[in-house]
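Participant: Structure of the sequence below:
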Amino acid sequence: MRKVLLTLLFFGAATFFLPHFASSSWAKKQVETRLSSQLGGKVKIEKISLSWLSTQKCLNVRWENTLNGFTLFADEIALKEGLVHCLRYKESPLSIQVLGAQMQTQSNFRFIKKMRKKTLNLAFSPIDATVQNSVIAFEDMKIDINEKLHVLTRGEIDFTRNHLSIVLGLGPETLKKVFKEAKNLPEDFVLEIPISTTLSGKALEKALIGFFLKNYAKVTSLHK
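Facilitator: From the prediction side, this is the model:
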């Protein structure tokens, strides 16, 4: 009986301290390796904090993807679920929040003079999203580009298929800075741009060019 009690105490203690062990440097390295393999590129995490009942956090995350030409930083990525629920991520979506996200990439948007061969610094509003398997879905995310252009977006990104399906929303202030034809627009005007393409800068540029060529008359008549 004593051996049984000692065994139960041992497994109970091991289970209790498992999140602390999983937050160690060794476990952090395993998470970095797994994410790098799934997302492509190289993922580095300064600190991981895990808990059976409360939020799981990754602090000071850096994802460098040289193939697609961008580097993503985040102050904090939090899965707002207990560890048990996170382990069942294939069965139900998880709530995720990203704080302090920024991206740096090289632009070559030939149809926008101000963005030709220019380094783009993208700052994201707090991101509230759901994630299931390798698909992240989000609503009402704001992106500031070089502190001048402001874009709203919603949609989803499938990292397994390397594909994004999103809608970009350009307000009047941003449109005036990009297109000289966009004048006297109502304050609540939003030009929505649906995009479904491969997750890469070149593919995104091609999709944007296709949209503006197809809707050239609409864009150039915005001031009327």
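
Participant: rest of the way, CA atoms for contacts and neighbours
Facilitator: Fine.

Participant: Next, Ser54: secondary structure please.
Facilitator: Under DSSP: H, G, I helix; E, B strand; the rest coil, the three-state class of Ser54 is coil.

Participant: Confirm for me that it is in contact with Leu79.
Facilitator: No. Ser54 is beyond contact range of Leu79, at 9.0 Å (criterion: Cα atoms under 8 Å).

Participant: between the two, who's got more neighbours?
Facilitator: A side-by-side neighbour count of Ser54 and Leu79, using other Cα atoms under 10 Å, places Leu79 first with 22 against 12.

Participant: On the secondary structure side, give me the element for the closest residue in space to that one that isn't next to it in sequence.
Facilitator: With sequence-adjacent residues excluded and distances taken as Cα to Cα, 6 or more residues apart in numbering, Leu79 is closest to Ile96, at 4.5 Å. If you go by DSSP states H and E, Ile96 is part of strand 94-99.

Participant: Kindly report the same for Ala207.
Facilitator: helix 201-214.

Participant: from the chain's centre, how far out does that helix sit?
Facilitator: Mean-position distance between helix 201-214 and its chain equals 20 Å (Cα atoms, centre = their mean, to the nearest Å).

Participant: Helix, strand, or coil at Val61?
Facilitator: strand.

Participant: Counting neighbours, what do you get for the residue nearest to it when sequence neighbours are not counted?
Facilitator: Spatial nearest neighbour of Val61, chain neighbours left out: Ile45 (4.6 Å); criterion: Cα to Cα, 6+ apart. Other residues near Ile45 number 18, with proximity taken as other Cα under 10 Å.

Participant: what about the strands in this protein?
Facilitator: With DSSP state E, the ranges of strands along the chain come out as 42-49, 56-65, 70-79, 94-99, 102-107, 118-124, 127-132, 135-145, 149-158, 163-170, 191-198.
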